[in-house]
Structures are given as structure tokens and as C-alpha cells.
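K.L.:
This is a predicted model, with the sequence first.
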Amino acid sequence: MVLRADELQLTRGESVRDTAYVLSRHVAAIAVRTGGHSLVEELAEHASVPVINMLTAEHHPCQALGDLLTLRESFGRLEGLTLAYIGDGNNVARSLALLGSLAGVRVRVASPEEYELEPVAEAELLRDPRDAVRGADAVYTDVWVSMNDDPESAARRREALADYSLDDELLDLAAPGAVALHCLPAHPGEEITAEVLYGERQRIWEQVENRRHAQKALLELLIPSG
Ligand code: NVA
């Protein structure tokens, strides 16, 4: 069941606790895409079925699962790989840092001032995108304006992040055989060039498909069989 905000009673003042009780009587798992992370935590506290974070302003773990699957398909392993993330220190960067560290992937994050990621797991935080990309096995970028960002900040963000674009020149600094990744939606000409997005070194369209495989595996893991 796909339930949008205006189809839930949450927007009519029902508590998160009651929503968790109601949904738990009808479904085997609840997957939520929202803004504030606390909503997911509160649902999980009260639901009797698994609650899956499908994106909050803070985290995007299902994306990172699909990304790790894509890396494993590309390199045959995860342990010892280096992933460089270029751009806004956002939900995607945070989840990559967390899950990457758990999977043995070294994660470097390069962001401009004011858009840095806070220290997360063992991620290395850098300023210059070239320092992050040098020798990396994967180079990842994401939108400069996320869906939970204030639209009025867009112009300022585009200016601050202008030097954090994934182009062929930057990718040339990575290890031989390195792949380019992006969680989409892409904005060619902003955080990635069309040459990289549709080029031979990207694995972005594999990432797209792997969201489905990773999430199916997650459901299988979380939902008791029988
Ligand atoms: N950082 C982006 C990811 C989109 C899949 C956002 O939150 O909008």
C-alpha cells in the first residue's frame, strides 16, 4: 500500500503512536519516506512490525545498501575499497559513511564550508574534492539541493557547491577502473556532467536497479517467514 501524507490521519492530528498501532494491524512492515528523522524513530518505538527508513533529512540507508551491492558487483568485494563522496554533507553522505564503515569501505567526504558532514564513523572529512578522489575506487555525488532543504537556500547552495561537480577530469584522478555513482535525481551540468552520467565509467543505472534488489533482501531479512 502506498499511503501519501494526505491519505494518513497523521496530517489530521492523529498521533504517531496511534498511526503505528493502526498500520501494524494491517501490514508486515512499514517503510517511511519523510523529513524529520524523529518520526521514523517514534514509529519504530510503537510499531510491532519492522519500520524501514526510506529517506529522512538525516539518513538514506536503503540507498547506501543498494550502493554497496553495486560496489560489490563492480569489484567482487567491499573490504578495502575507497569511496569518495563529493558535495553536500547530507543524508546520502551520512548513510554512506555509516554503512561503508560497517562494510569495510573507506569513505572520504569532500564538502565546502558550511555544508560539511559532522564526524561520522571512520569517514575522512576533506575540503578539496581532488584530495578525496585521488586513488579512490568509486566517486559518488548527490544533488546540491535535497528535497528537505529550504528551496530558498537553493541559489546559495549552488554557489557554494559549484566546485564540487563530478566531471571526467576529476574522475581521472581516481584509481584505474574507478566507477562513478549518483543516487539520482541527477542534474547534469550541476553536481555531475552528462559525460559522466551517461559515460562508460558510471554504474549509476546499476545503482537504480540495485535499490530494488537490496530492499527486497531487506524485507526478506526483516519479515519473519511463514
Ligand atoms: N539527498 C537527496 C537524495 C535523493 C534520493 C535528497 O534527500 O533529496
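P.N.:
On my side now, so go ahead. Numbers count the residues shown, from 1 in each chain.

K.L.:
Centroid-nearest residue for this structure?
P.N.:
Centroid-nearest residue in the chain, with Cα atoms, centre = their mean: residue 92, separated by 2.9 Å.

K.L.:
correct me, but it touches residue 63?
P.N.:
Yes. Contact criterion Cβ atoms under 8 Å: residue 92 and residue 63 qualify, at 6.0 Å. To be clear about C-beta, it is placed using only N, CA and C from the backbone, and glycine gets the same treatment.

K.L.:
Mind listing the shared neighbours of these two?
P.N.:
residue 183 (Cβ atoms under 8 Å, 6 or more residues apart in numbering).

K.L.:
re the thing from before, which strand or helix spans the residue nearest to the centre of the chain?
P.N.:
Using DSSP states H and E, residue 92 sits within helix 91-102.

K.L.:
So which elements touch that helix?
P.N.:
helix 61-75, strand 82-86, strand 106-110 (3 or more Cβ pairs under 8 Å, 6 or more residues apart in numbering; DSSP states H and E).

K.L.:
These: which one's closest to the ligand?
P.N.:
helix 61-75 (6.1 Å; Cβ to the nearest ligand atom).

K.L.:
any idea of the mean pLDDT for the closest one?
P.N.:
Across helix 61-75, the average pLDDT comes to 98.

K.L.:
What of stretch 114-126?
P.N.:
98.

K.L.:
Identify the residues contacting that stretch?
P.N.:
Contacts of stretch 114-126 (Cβ under 8 Å, 6+ apart): 87-90, 93-94, 96-98, 100-102, 106-111, 132, 157, 160-161.

K.L.:
end-to-end on it?
P.N.:
Stretch 114-126 has an end-to-end distance of 13 Å (Cα to Cα, to the nearest Å).

K.L.:
Over to stretch 81-92?
P.N.:
Stretch 81-92: ends 18 Å apart by Cα to Cα.

K.L.:
can you give me the offset of that stretch from its chain's centre?
P.N.:
9 Å (Cα atoms, centre = their mean, to the nearest Å).

K.L.:
so does it get close to the ligand?
P.N.:
Yes. Stretch 81-92 reaches the ligand (Cβ under 6 Å from any ligand atom) through 90, 91, 92.

K.L.:
cool, and stretch 26-45?
P.N.:
No. Against the ligand, stretch 26-45 shows no contacts by Cβ under 6 Å from any ligand atom, the least distance being 9.3 Å.

K.L.:
what does that stretch contact?
P.N.:
Under Cβ under 8 Å, 6+ apart, the answer for stretch 26-45 is 1, 16-17, 19-20, 23-24, 47, 49-59, 148, 219, 222-223.

K.L.:
which of the contacts of stretch 114-126 are buried?
P.N.:
87-90, 93-94, 96-98, 100, 106-111, 132, 157, 160-161 (16 or more other Cβ atoms under 10 Å).
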